[in-house]
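Participant: any chance you could fold what I've pasted below:
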Amino acid sequence: DASTSYTDLSSWQATGNDSNSVNVEPKFFSSTDLHTQDLRLNGNAMPSMYVKNDMDYAVRDSVNPDIGADEFSPPPLDAGIWAVISPKMPFQSDTQSVRVVLYNYGSDTLNTVSINWEMDGVAQTTNNWSGKLGTGDTAIVSLGTWVFSSDSSYDFKTWTSDPNNGTDSDASNDTTELFD
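Facilitator: Got it, this is the predicted structure:
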């Protein structure tokens, strides 16, 4: 019905439409390079006997093709900061916990990673995270605390390095930065 509007994908899917669709930011390499490596798109399309190749003429997986025009394989080592949980902007005058969401963008299980952060360009103590984070999984990590004052502006930056003591395959998703 053209007169009905839906507020989100799940409401639309409840009508029986697009049951296999996902609502994700595809994280294209750039506005002109529409390749992606978002794990939520990898291997999640419905196979089609009519679509044998992707936009680069690479052969599509016949059983579990990728969503979108690009067939890709996630890199093995790729960790990044998915989001900042706290502090929230605008920064409130108070002592606040610094917590982030670590995301495993890689195909290998993430066992260790360094989570770096700085405030106003000054490096803070690195968190040497260890655990077991599967492909596409997240972990909430506490980095420390910071005392904010109301009469100051701040530049908060956090990033990952050395996943599993190796080289990160895609540095473009390592860093999150907030300005106030």
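Participant: pretty sure P90 is touching D180, no?
Facilitator: Yes: shown here, P90 and D180 form a contact pair, counting by CB atoms under 8 Å, at 5.5 Å. Quick note: C-beta positions are derived from backbone N, CA and C, even for glycine.
Participant: helices along this structure, start to end?
Facilitator: Assigned by DSSP state H, the chain shows helices spanning 9-13.
Participant: give me the most central residue, it.
Facilitator: Residue closest to the mean C-alpha point of the chain, counted by CA atoms, centre = their mean, is W82 at 4.4 Å.
Participant: need the pLDDT of it.
Facilitator: According to the prediction, W82 has pLDDT 91.
Participant: thinking it is in contact with R99, fair?
Facilitator: No: W82 sits out of contact with R99 when judged by CB under 8 Å, with a separation of 11.8 Å.
Participant: the spatially closest residue to M55 that is not a sequence neighbour: neighbour count?
Facilitator: Nearest residue to M55, sequence neighbours excluded (CB to CB, 6 or more residues apart in numbering): A69, at 4.2 Å. Burial measure for A69: 13 neighbouring residues, criterion other CB atoms under 10 Å.
Participant: got the confidence number for A69?
Facilitator: With respect to pLDDT, A69 has a value of 89.
Participant: before we move on, what about the one 3 residues further on?
Facilitator: F72 is assigned a pLDDT of 88 by the prediction.
Participant: how far away is it from F29?
Facilitator: Separation of F72 from F29 (CB to CB, to the nearest Å): 11 Å.
Participant: find the residues that touch each one of these two.
Facilitator: Residues touching both F72 and F29 comprise H35, T36, with contact defined as CB atoms under 8 Å, 6 or more residues apart in numbering.
Participant: show me where the chain has its strands.
Facilitator: Under the criterion DSSP state E, the chain carries strands at the ranges 79-86, 94-104, 110-119, 122-123, 127-133, 138-148, 155-161, 175-179.
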